[in-house]
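Enquirer: Sharing a model prediction with you, sequence too.
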Amino acid sequence: MFIMLYILLTDKLLIMKKSILIPSVLLLMVSLVAFGSNRSNESESESEPLPAKVKTIVDNSCFGCHNTDSRNEDAKKALDFMKLDSLSTVKMIHAYKEIGEVLEENEMPPKRFLERFPDRALNDADKKLLLDWSKEQTEALVKGM
């Protein structure tokens with residue numbers, strides 16, 4: 001598209017007078033800058049959904065308490081998976097780091113929860129997958145800053 005535009009403008013510019021040339025080039029530059037900045041904003045705002053394996057684990061062991069509709073106010077305040085993608089980059093980095101830390105400390109899911117729902121405990125493979133995912137997300141966000 002840009003090549004065709006360039007060829008078209010090059011042909012037209014040869015014909016144009018000097019007084020029209022400079023405003024035309026400026027208009028083209030402003031358009032390209034606007035187009036480029038719009039594209040970068042789109043890619044930043046598009047958040048990648050949870051990978052399928054991560055989503056399965058989160059749905060089974062985390063989401064029941066860590067969501068907008070949860071009755072557990074403390075869990076909802078600590079982390080709301082439904083709002084995770086809408087956080088600022090700094091807050092999102094903090095959330096992913098916190099996910100990793102509570103998993104490493106075996107604080108989640110909490111023992112009281114597991115007493116009632118032992119089938120929702122994380123096995124070692126699930127825990128490793130979540131830890132790796134949270135670390136990857138943190139690193140990607142920090143790299144993108």
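Expert: Nice, thanks for sending it over. A quick note: this is a predicted structure, and the numbers were derived from the prediction, not measured.
Enquirer: where does the protein dip in pLDDT?
Expert: For the chain, applying pLDDT under 70 flags the ranges 1-48.
Enquirer: would you list every one of the helices in it?
Expert: For the chain, the helices defined by DSSP state H cover 2-15, 18-45, 52-61, 73-78, 89-104, 111-116, 124-143.
Enquirer: Pretty sure G144 sits against M92.
Expert: No - contact between G144 and M92 fails when scored by CB atoms under 8 Å: they sit 10.5 Å apart. For the C-beta atoms, the positions are set from N, CA and C on the backbone; glycine is no exception.
Enquirer: out of these two, which sits in the busier spot?
Expert: Ranked by neighbour count (other CB atoms under 10 Å), G144 and M92 place M92 first, with 17 against 9.
Enquirer: tell me the contacts of F81?
Expert: The neighbours of F81, taking CB atoms under 8 Å, 6 or more residues apart in numbering as the test, are L50, V58, C62, F63, H66, N67.
Enquirer: Kindly indicate which of the residues you listed lies nearest N106.
Expert: Using CB to CB, C62 comes nearest to N106 of those, at 14.1 Å.
Enquirer: and that closest one, how many neighbours?
Expert: Using other CB under 10 Å, C62 is surrounded by 21 other residues.
Enquirer: With that, I have no additional questions.
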